[in-house]
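Participant: could you work out the structure for the sequence below:
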Amino acid sequence: MQSIRQAKAAGATLRVGPELEITGYSCQDHFLELDLYDAAWSSLRDIIDHEDSQDLLLDLGMPVLHRSCYFNCRVLAYNRRILLIKPKKSLADSG
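Facilitator: Predicted coordinates:
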């Protein structure tokens, strides 16, 4: 949230975060635990619902589990709506 506030204060219209910013790279074997994905979605919801996140296009990095496959994704959101989920080819889980 701090970087979102800084981006808005600087007059940005797009805020791009690092890869896997919601969970961090250091999750290692936790990428195989379902709780991690539930927590990531909960955090994403908290971020995009926050008043400070409005009127700013957010590009956030997080892991996504879809059809029993793990993905390292970019999530684009604007004004409490997810616009796009773009998976990479492989999840950064090699330590």
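Participant: against which helices or strands is the host helix or strand of residue 39 packed?
Facilitator: Residue 39 is part of helix 34-49, with elements assigned from DSSP states H and E. Applying 3 or more CB pairs under 8 Å, 6 or more residues apart in numbering; DSSP states H and E, one finds that helix 34-49 contacts strand 57-66, strand 69-78. Heads up, the C-betas are built off the backbone N, CA and C, glycines and all.
Participant: quick check: which of those strands is nearest to residue 48?
Facilitator: strand 69-78 (4.5 Å; CB to CB).
Participant: and for the helix or strand just after the closest one, what's in contact with it?
Facilitator: Note on strand 69-78: by DSSP H and E, the next helix or strand toward the C-terminus is strand 81-87. Strand 81-87 is contacted by residues 48, 64, 66, 71, 72, 73, 74, 75, 76, 77 when judged by CB atoms under 8 Å, 6 or more residues apart in numbering.
Participant: what pairs with strand 81-87, and is each one parallel or antiparallel?
Facilitator: Using DSSP bridges, the strands paired with strand 81-87 in its sheet are strand 69-78 (antiparallel).
Participant: sorry, back to before: what comes up buried for the helix holding residue 39?
Facilitator: 36, 37, 40, 41, 44, 47, 48 (16 or more other CB atoms under 10 Å).
Participant: same check on stretch 11-19?
Facilitator: Within stretch 11-19, judged by 16+ other CB under 10 Å, the buried ones are 15, 17.
Participant: any regions of this protein where pLDDT drops low?
Facilitator: For the chain, the stretches with pLDDT under 70 are 28, 89-95.
Participant: quick one on the thing from earlier: how far does the helix holding residue 39 sit from its chain's centre?
Facilitator: Here the centre of helix 34-49 is set off from its chain's centre by 8 Å, with CA atoms, centre = their mean, to the nearest Å.
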